[in-house]
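Trainee: Okay, here's the prediction I keep looking at, along with the sequence it came from:
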There are 2 protein chains.
Amino acid sequence: MKQPLHEKIRADFEARILAGMLAPGDRLPTEQELMQEHGCSRMTVNKALSALQSAGLVERRKKAGSFVARPRFHSMVLDIPDLAVQLGERGKRHSYRLTRRQVRGPIAGRDEEAALANGAQLLELDGIHCADDRPLAVEHRLIATRAVPAIVDGDFDSISPGTWLLQHVPWTEAENRISAVGATRREAALLGIAPGAPCLCVERHTWRGGDPITYVRQVFLADAYDMVARFGPSGSGGN
Amino acid sequence: MKQPLHEKIRADFEARILAGMLAPGDRLPTEQELMQEHGCSRMTVNKALSALQSAGLVERRKKAGSFVARPRFHSMVLDIPDLAVQLGERGKRHSYRLTRRQVRGPIAGRDEEAALANGAQLLELDGIHCADDRPLAVEHRLIATRAVPAIVDGDFDSISPGTWLLQHVPWTEAENRISAVGATRREAALLGIAPGAPCLCVERHTWRGGDPITYVRQVFLADAYDMVARFGPSGSGGN
DNA sequence: CAGTGGTCTAGACCACTGA
DNA sequence: CAGTGGTCTAGACCACTGA
């Protein structure tokens, strides 16, 4: 257990930020305060805070201090897209229609649902995304009420659950699984295509500081949507 | 033009590495040598080299020195998969069969091919990837002979072009476009499925320091392959 | 065992910028 | 103008590891 002091300080703040104990905008102690707290030189605390800055977790401003940044995921990293924003950029109007809404426990035997629920209830939201009123994707979503209790009272007539979550719940980790599938009979009927027609399927899990937030499965019209990820050496995103 | 000295040193090596003037495995000067060269203190060169290390461009080993690393893109970033490695991990045998090989110029009117060729010839390689001798994907690839002149003499009977490139040409930037498509008649025949059946299509461009290397389009059997990308705040991949 | 990087100190001067 | 971070110095001791 030999951990450099600068790494200990860095990891301490990282943990507090990811756990939400330090929220975006909160001010961190000054270098002077941290020097006294840890009884070390300024270079050591500077190294810790600079590492947090280059990781995008902290913003530092002269005279003002160091502040928790809203986590940013640069263009080179596959992001969680906000359909409403993406369609707006292409001049299309996004709408979402809810087809099912229920609060329930995890289905027995489905370990994934149990892990997501984490001992509490799940909110199940199914719906359809449209671009200019034409169906674009069928969405099935489960949300952990333990992580996002406010969602139970959410109103999804004018805003989709995905947009709501992106605006209200900062996530820290995500996993996308992308595959090609043939539309089921139900999906085909909702999307206005033939059963078995090719669709792009995106399954995504997101977490906040290790706690699961949501699982979503989206089935897109193949000819209307694809995913792009551009990436390069870390560091080239900055400067 | 106020650039800190540590940033100047860091950017200098970054440029030389991305340009290929420093190849993977090459040794960088020691901190002592850089101190003398720049007439600065050890902390300053240490900061520059440490930044290169945390960016994944350099590996540092005690007593041995600092070396150019093969660019690594951590698990949280969508990677360029090596099919041979991926299949090997699942206990399957990968094979590649070349179906077309020609050196040609870019097709008139196709700006993308002209940009890739960059004034020189293209090597076109079409083939099929198999897992345990069962077809998995159809691949169409173009390679810039300007960037990779050695590829013209490559032997792709026992190794696929993708594997060859990953082993010989370090890339610095990549773009993946992922979509669902229906198999064309030709693809369906090669893969042993019905025309129009759902397939996962991956199109990828790669660059090395701004110079285009290759374009590849792979059409996968839908039920045999999917792509996963997991990502989070930078920094959590390390340690 | 000797060279190299890893870490840290106790200072210094400066640039920026909010009060 | 005073507080804060940005950078840098000239040392130091140590851990690791290849010759």
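Mentor: Alright, I've got the coordinates.

Trainee: measure residue A:98 to DNA strand C for me?
Mentor: Distance, residue A:98 to DNA strand C, using C-beta to the nearest atom of the strand, to the nearest Å: 44 Å. The way it works is simple: take the backbone N, C-alpha and C, and place the C-beta from them, glycine included.

Trainee: residues touching that residue, list them.
Mentor: Counting by C-beta atoms under 8 Å, 6 or more residues apart in numbering or on different chains, residue A:98 makes contact with A:125, A:126, A:127, A:156, A:157.

Trainee: The residue nearest the centre of chain A: what secondary structure?
Mentor: Closest residue to the average C-alpha location of chain A: residue A:171 at 4.0 Å, with C-alpha atoms, centre = their mean. Secondary structure, DSSP: H, G, I helix; E, B strand; the rest coil: residue A:171 is coil.

Trainee: That one and DNA strand C, how far apart?
Mentor: Relative to DNA strand C, residue A:171 is positioned 29 Å away (C-beta to the nearest atom of the strand).

Trainee: and the closest residue to that residue other than its chain neighbours, how many neighbours?
Mentor: Using C-beta to C-beta, 6 or more residues apart in numbering or on different chains and skipping residues adjacent in sequence, the residue nearest residue A:171 is residue A:206, 4.4 Å away. Residues lying near residue A:206 (other C-beta atoms under 10 Å in any protein chain shown) number 22.

Trainee: what's across from residue A:206 in the sheet?
Mentor: Following DSSP bridges, residue A:206 is listed with bridge partners residue A:174, residue A:214.

Trainee: quick one, what contacts it?
Mentor: Residue A:206 sits next to A:80, A:165, A:171, A:173, A:174, A:175, A:212, A:213, A:214 when contact means C-beta under 8 Å, 6+ apart.

Trainee: And the pLDDT at it?
Mentor: Residue A:206 is assigned a pLDDT of 89 by the prediction.

Trainee: for residue A:80, same thing?
Mentor: pLDDT, residue A:80: 67.

Trainee: just residue A:91 next, same as before
Mentor: Per-residue pLDDT puts residue A:91 at 80.

Trainee: isn't there a strand covering it?
Mentor: No. Residue A:91 sits outside any strand when classified using three-state DSSP, being coil.

Trainee: mind checking how far it is from residue A:20?
Mentor: 37 Å (C-beta to C-beta, to the nearest Å).

Trainee: Compare those two (neighbour count), which wins?
Mentor: Applying other C-beta under 10 Å to residue A:91 and residue A:20 shows that residue A:20 carries more neighbours, namely 14 against 7.

Trainee: residues in contact with the more buried one?
Mentor: Residues in contact with residue A:20 (C-beta under 8 Å, 6+ apart) are A:208, A:209.

Trainee: Now do the same for the closest residue in space to residue A:156 that isn't next to it in sequence: helix, strand or coil?
Mentor: Here the nearest residue to residue A:156 in space, its sequence neighbours aside, is residue A:98; by C-beta to C-beta, 6+ apart that works out to 5.2 Å. Under the three-state scheme (three-state DSSP), residue A:98 adopts strand.

Trainee: Could you give the bridge partners of residue A:98?
Mentor: Bridge pairing for residue A:98 (DSSP bridges) gives the partners residue A:127.

Trainee: So what does residue A:146 look like in phi/psi?
Mentor: Phi and psi for residue A:146, reported as degrees, to the nearest 10, are phi -60, psi -40.

Trainee: how about the nearest residue to it, chain neighbours excluded?
Mentor: Nearest residue to residue A:146 in three dimensions, chain neighbours excluded: residue A:120, at 3.8 Å (C-beta to C-beta, 6+ apart).

Trainee: what sits against that neighbour?
Mentor: With C-beta under 8 Å, 6+ apart, residue A:120 has these contacts: A:144, A:145, A:146.

Trainee: PyMOL command to pick out the buried ones of the residues you listed?
Mentor: Those of these that count as buried under 16 or more other C-beta atoms under 10 Å in any protein chain shown are selected in PyMOL with:
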select buried, chain A and resi 144+145+146
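
Trainee: Nice, that's everything, thank you.
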